[in-house]
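1. okay, sequence plus prediction incoming.
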Amino acid sequence: MTRPPLLPALVLALLTAPAAAQTTDWRTVAPVLPLQGTIRPIGAPVAIGGAGWGPWRSICREQTPRPGRPPQRDCLTVTEVRPEPGGARLTLVQERSGLRISALRSTDGRIAEFSAQRPDGSAPPPDEARETLLNAWRDQFATLSLAPRRLSAREDFLMPVPGSPRGGTCRPEGTATIAQRPVVIARCAVELAGRLRGGDNEARVAIFARVAVDVATGMISAQNYATRIETFAANGRSNGVVVTPSRVVLE
């Protein structure tokens, strides 16, 4: 029998958190998007993408490990943005670890480069811990970058999700504004199933997200989601459910 795939590191991290208070609909745990004004219906299709980067100076992800506690926040600071032919090169720094990243995002939404570098621009020596951290941020960055396209009110589009070959399915809700920039608001959903690392327990994961797609760049400038994780013992009995709110935001 083919063994199910290992679930991504994000899911394993969420499993360490206690369950949030259960609500009638677990999806309501997702944080509220920081909209300016109301969501407006989409009339004609909205063209997104074409610019390499926007005004953002940080990429932050937040997770609330315990109900009523402040969220845990982890950020990359954008210390430099250099326009290049067909894209934008970013220098990203995580202050707590000293990780320094050179990232090249093309105007077609591709992440052409995402590598560790020293302050002088040279490549650092191999380091397993740094590579693990770098890969996690690379996966995160890829989920935020969409290729240029037109978004219509009743047409789904796919959002990259680590661990899911197909990705998340998103349905546009309307247009709005965040930080004075036009965005398209969408609801997204994805389901994952697999085996936990270091054991034979299975897990089923459902993710619901509301996202804001920056019109000019195609970057997802806000990604607020709820993750529902149910694990199962070897005999198939449920071990219980964890529901965790999280968000990723460009600021």
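-> Noted; the coordinates are in hand. Residues are numbered from 1 along each chain as shown.
2. packing partners of the lengthiest helix in the chain?
-> The longest helix of the chain (DSSP state H) is helix 128-143. Packing partners of helix 128-143 (3 or more C-beta pairs under 8 Å, 6 or more residues apart in numbering; DSSP states H and E): helix 9-15, strand 58-63, strand 87-94, strand 99-106, strand 111-116, strand 157-161. Any C-beta I mention is one placed from the backbone N, CA and C, and that applies to glycine too.
3. put the alpha carbons of it into CSV.
-> Output of helix 128-143 as CSV, limited to C-alpha atoms (Å, rounded to 0.1, in the frame of the first residue of the first chain):
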residue,chain,number,x,y,z
GLU,A,128,21.2,22.7,7.6
ALA,A,129,19.2,24.8,10.1
ARG,A,130,19.5,27.9,7.8
GLU,A,131,18.3,25.9,4.8
THR,A,132,15.3,24.6,6.7
LEU,A,133,14.3,28.2,7.6
LEU,A,134,15.0,29.4,4.1
ASN,A,135,12.8,26.7,2.6
ALA,A,136,10.0,27.5,4.9
TRP,A,137,10.1,31.2,3.9
ARG,A,138,10.4,30.3,0.2
ASP,A,139,7.3,28.2,0.4
GLN,A,140,5.5,31.0,2.2
PHE,A,141,6.6,33.6,-0.3
ALA,A,142,5.4,31.4,-3.2
THR,A,143,1.9,31.3,-1.7
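4. hey, least reliable of the helices and strands packed on helix 128-143 by pLDDT?
-> Lowest mean pLDDT within the helices and strands packed on helix 128-143: helix 9-15, a mean of 40.
5. next structured bit after it?
-> Scanning forward in sequence from helix 9-15 by DSSP states H and E, the next helix or strand is strand 46-48.
6. low-confidence bits of the chain, can you list those?
-> Residue ranges of the chain with pLDDT under 70: 1-24, 66-68, 163, 196-200.
7. about what we covered before: which of the helices and strands packed on helix 128-143 sits closest to residue 148?
-> Among the helices and strands packed on helix 128-143, the nearest to residue 148 by C-beta to C-beta is strand 99-106 (10.3 Å).
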